[in-house]
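Asks: Here is a sequence together with a model predicted from it:
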Amino acid sequence: AAFPEPAEDSPALRVLRRVFGYDAFRGSQQEVVEQVIGGGDALVLMPTGAGKSLCYQIPALVRPGTGVVISPLIALMQDQVDALRALGVRAGFLNSTQDMDERRLVEAEFVAGELDLLYLAPERLRVEATVRLLERGSISLFAIDEAHCVAQWGHDFRPDYLALSSLHEHWPTVPRVALTATATEATHAEITSRLGLADARHFVASFDRPNIQYRIAPKDEPKKQLLQLLRTEHPGEAGIVYCLSRSSVEKTAAWLVEHGVEALPYHAGLDSRVRAANQSRFLREDGLVMVATIAFGMGIDKPDVRFVAHLDLPKSVEGYYQETGRAGRDGLPSTAWLAYGLQDVVQQRKMIDTSEGDQAHRRRLAAHLDAMLALCETVECRRVRLLDYFGQKSEPCGNCDTCLVPPESWDGTVAAQKFLSTIVRLQRERHQKFGATQIADILMGRKTAKVIQFDHDALSVFGVGAELAEAEWRSVARQLLAQRLVAVEGEYGTLVLTEDSAEVLRGNRTVALRREPAKQPRAAKAART
Ligand code: ADP
Ligand code: ZN
């Protein structure tokens, strides 16, 4: 008797409105939902905040049976389930944090067909009893959240995910939807093959975050550089500062507090109550700065994070993009700022060399680091490079440091030859290893204690590079690394030649280098007007 049903009315749309209270689907949500309701498989690549959850929650409510959601985010399951229950959705979870009684209760509900959604930690599937439990219920779909965890090539591989390939063999008629916010082309391909999703429909949303200004600066005095950024561009605003180690998290947070910034530390070594308290303060209060290791951020939904700063080089472009993506979820101008130096590369090489795992694993880590370096040293638009890494073509963005203040490039062939021939001479000394600092000192003709100790002032290259300042030689070193014309080796960050170095030394190859712009780009806010 009231209003006529809208023409586009469908069971999915009714659930969207009645259960979740939203008017319309976003992006390709509706297509994904219809695909899964129709019994088909789907692979969904959408950035964080795009609304992936509804892509499986709605089909689970429309189709008969229970939707089984595989998720590695154990710490978030309770919250997710509580939020669903508040909407009247019959949801439950099974993971290692529960005691036997809680688990039994959820299992009984599932078997009785009283659950719309069951969240499951991936390691549960290794337990034979879980598979038998699943056989006793009726399953409407499998949702594989954080699907990039199945990819060994990716930056967040979890062996438990490999077992997920068996779901399809066991339940060939149950539709599957795999979802991730981070997948390069290589990772996308690996998810497809490992989960057997070649026949699935692939939904790939744009990964661009146009309101985030990407900037990468040479690391000089990182804490001071950071403070300058906070004071001039983001005073009193909320942000995240990522550091590699727990100790630098603590030092940086304390230093910021000393300098009048309201900062809190967060890392896995802190007491869990302190961690939880700091996290909830960051979410609830305005203008707090969270200084954290990458342990912080998964599942954090704070819309007004105005900046994400990295004081150390991230280990992969995927990780970097995911971390910076926590800025500006409200769509307002935000900054992603990274400081990196040669020491970062040395340190990470060392970590790779001593890491657990086989040779192939170390090669993957090294390839991730190389890609990250190439991004840092590019003269092109940062966003073009980033999106290209995720398989998406774009035009220069006008909102990154290289677009705002284009770096000049200069013919660095002679400088590279000087640098490389110094390495050649140092390599003749078998017992002693030298890094970039010693090379720069030799080239600039500095008689430091270490130069005199090893008679390096007697080398023919001593003083031949006085035309460049120390910061410039450091920049040369970083770029030669990024171009794979030198490599880092061993514990002390010894620089060594690569296969390609000889071409430069012989004069058969020219080397283009970027000159670091003297001035920093304008602030994010100024750039918008
Ligand atoms: P993701 O998993 O992709 O990071 P979520 O599923 O957590 O994103 O959704 C992000 C936010 O957007 C949530 O608060 C969610 O309720 C909201 N949302 C998702 N889809 C819609 C929609 N169609 N209309 C309005 N809000 C939506
Ligand atoms: Zn750009």
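Replies: The structure has been received and is ready for your questions. Predicted model, so just to flag it, every value in this text is computed and none were measured. Ligands and ions are numbered 1, 2, ... in the order given.
Asks: make it CA atoms for all contacts and neighbour counts henceforth
Replies: Noted.
Asks: mind checking which helix or strand of the chain has the lowest mean pLDDT?
Replies: Least confident helix or strand of the chain, by mean pLDDT, DSSP states H and E, is helix 524-528 with a mean of 42.
Asks: And stretch 298-312, what's buried?
Replies: The neighbour-count check on stretch 298-312 (16 or more other CA atoms under 10 Å) flags Lys302, Pro303, Asp304, Val305, Arg306, Phe307, Val308, Ala309, His310, Leu311, Asp312 as buried.
Asks: thought the third one was touching Ala327?
Replies: Yes: the criterion here is CA atoms under 8 Å, and Asp304 meets it with Ala327 at 7.2 Å.
Asks: can you pull up the bridge partners for the closest residue in space to Arg275 that isn't next to it in sequence?
Replies: Excluding the flanking residues, the one nearest Arg275 by CA to CA, 6 or more residues apart in numbering is Tyr266, at 6.0 Å. Beta-bridge partners recorded for Tyr266 (DSSP bridges): Ala292.
Asks: I'd say Tyr266 and Ala292 touch.
Replies: Yes: contact criterion CA under 8 Å: Tyr266 and Ala292 qualify, at 4.6 Å.
Asks: From Arg509, how far off is the residue nearest to Arg275?
Replies: 47 Å (CA to CA, to the nearest Å).
Asks: So between these two, which is more surrounded?
Replies: Each of Tyr266 and Arg509 has its neighbours counted (other CA atoms under 10 Å); Tyr266 has more, 26 against 13.
Asks: so who does the more buried one touch?
Replies: Neighbouring residues of Tyr266 by CA atoms under 8 Å, 6 or more residues apart in numbering: Val249, Arg275, Asn278, Gln279, Met290, Val291, Ala292, Thr293, Ala295, Phe296.
Asks: Next secondary structure after the helix or strand encompassing Gln479?
Replies: Gln479 belongs to helix 470-482 when assigned by DSSP states H and E. Per DSSP H and E, helix 470-482 leads on to strand 486-489 as the next helix or strand towards the C-terminus.
Asks: to the chain's geometric centre, what's the distance from that next one?
Replies: Strand 486-489 sits 25 Å away from the centroid of its parent chain (CA atoms, centre = their mean, to the nearest Å).
Asks: CA atoms only for it - export them in PDB, please.
Replies: This file holds the C-alpha atoms of strand 486-489, laid out as PDB (Å, rounded to 0.1, in the frame of the first residue of the first chain):
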ATOM      1  CA  VAL A 486      76.800  -1.800  -7.000                       C
ATOM      2  CA  ALA A 487      75.600  -4.300  -4.400                       C
ATOM      3  CA  VAL A 488      75.800  -4.500  -0.700                       C
ATOM      4  CA  GLU A 489      77.400  -7.500   0.900                       C
END
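Asks: Centre of the chain to the very next helix or strand once past it, how far?
Replies: Tracing the chain past strand 486-489, the next element assigned as helix or strand by DSSP H and E is strand 494-497. Relative to its chain's centre, strand 494-497 lies at 29 Å (CA atoms, centre = their mean).
Asks: what packs against strand 494-497?
Replies: In this structure, strand 494-497 packs against helix 413-427, strand 486-489, with contacts taken as 3 or more CA pairs under 8 Å, 6 or more residues apart in numbering; DSSP states H and E.
Asks: Comparing the ones you listed by mean pLDDT, which bottoms out?
Replies: Lowest mean pLDDT within the helices and strands packed on strand 494-497: strand 486-489, at a mean of 86.
Asks: Name the surrounding residues that touch that one.
Replies: By CA under 8 Å, 6+ apart, strand 486-489 touches 345-346, 349-350, 420, 480-481, 494-498, 501.
Asks: redo that, cut-off 6 Å
Replies: Contact with strand 486-489 is made by Leu480, Leu481, Thr494, Leu495, Val496, Leu497, Thr498, as judged by CA atoms under 6 Å, 6 or more residues apart in numbering.
Asks: Check those for the minimum pLDDT and say which it is.
Replies: The minimum pLDDT among the contacts of strand 486-489 falls on Thr494, with 85.
Asks: Correct me if wrong: it contacts Gln432.
Replies: No: Thr494 is beyond contact range of Gln432, at 9.4 Å (criterion: CA atoms under 6 Å).
Asks: List the buried residues in stretch 358-369.
Replies: For stretch 358-369, the neighbour count (16+ other CA under 10 Å) marks Arg362, Arg364, Leu365, Ala366, His368, Leu369 as buried.
Asks: per-residue pLDDT, Arg349?
Replies: The model's pLDDT for Arg349 equals 87.
Asks: Oops, could you answer that again for Arg383 instead?
Replies: So, for Arg383, pLDDT stands at 97.
Asks: swap in Glu250?
Replies: Reading off the model, Glu250 has pLDDT 97.
Asks: Can you tell me the number of residues neighbouring it?
Replies: Neighbour count of Glu250, defined by other CA under 10 Å: 17.
Asks: just checking, what packs against the strand or helix carrying it?
Replies: Assigned by DSSP H and E, Glu250 falls within helix 246-258. On a contact count with 3 or more CA pairs under 6 Å, 6 or more residues apart in numbering; DSSP states H and E, helix 246-258 meets strand 263-266, strand 289-292.
Asks: okay, those in JSON lines with distance to Tyr340 and mean pLDDT next?
Replies: Output for these, formatted as JSON lines (distance: least, CA to CA, whole Å; pLDDT from 0 to 100):
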{"stretch": "strand 263-266", "distance to Tyr340": "21", "mean pLDDT": "98"}
{"stretch": "strand 289-292", "distance to Tyr340": "17", "mean pLDDT": "98"}
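Asks: Buried deepest among those, which one?
Replies: The highest mean neighbour count among those, using mean count of other CA atoms under 10 Å, belongs to strand 289-292: a mean of 27.
Asks: Among the helices and strands packed on strand 494-497, which comes closest to Asp41?
Replies: strand 486-489 (44.1 Å; CA to CA).
Asks: burial count for the closest residue to Pro72 other than its chain neighbours?
Replies: Counting by CA to CA, 6+ apart, Pro72 lies nearest to Ala121, which is 5.5 Å off, once chain neighbours are set aside. By other CA under 10 Å, 19 other residues sit near Ala121.
Asks: Over to the one 4 residues further on?
Replies: Around Leu125 there are 20 other residues, counting by other CA under 10 Å.
Asks: any idea how far it is from ligand 1?
Replies: In this structure, Leu125 and ligand 1 are 22 Å apart, going by CA to the nearest ligand atom, to the nearest Å.
Asks: Over to Val81?
Replies: Counting by CA to the nearest ligand atom, the gap from Val81 to ligand 1 is 13 Å.
Asks: Quick one: residues contacting that residue.
Replies: Ala91.
Asks: what is the mean pLDDT for the host helix or strand of it?
Replies: If you go by DSSP H and E, Val81 is part of helix 74-86. Mean per-residue pLDDT for helix 74-86: 91.
Asks: Measure how far the helix or strand following that helix is from the centre of its chain, please.
Replies: Moving toward the C-terminus from helix 74-86, the next helix or strand (DSSP H and E) is strand 91-94. Put simply, strand 91-94 sits 28 Å off its chain's centre (CA atoms, centre = their mean).
Asks: Can you name the next helix or strand after strand 91-94?
Replies: Next element after strand 91-94 (DSSP H and E): helix 100-111.
Asks: I would like the residues contacting that next one, please.
Replies: Applying CA under 6 Å, 6+ apart, the external contacts of helix 100-111 come out as Arg136, Gly137.
Asks: Counting by contacts, list what the next helix or strand along the chain from it packs against.
Replies: Sequence order places strand 117-120 as the next helix or strand after helix 100-111, per DSSP H and E. Judged by 3+ CA pairs under 6 Å, 6+ apart, strand 117-120 is in contact with strand 66-70, strand 91-94.
Asks: pLDDT on the last one, on average?
Replies: On average, the pLDDT along strand 91-94 is 97.
Asks: Alright, that wraps it up for me.
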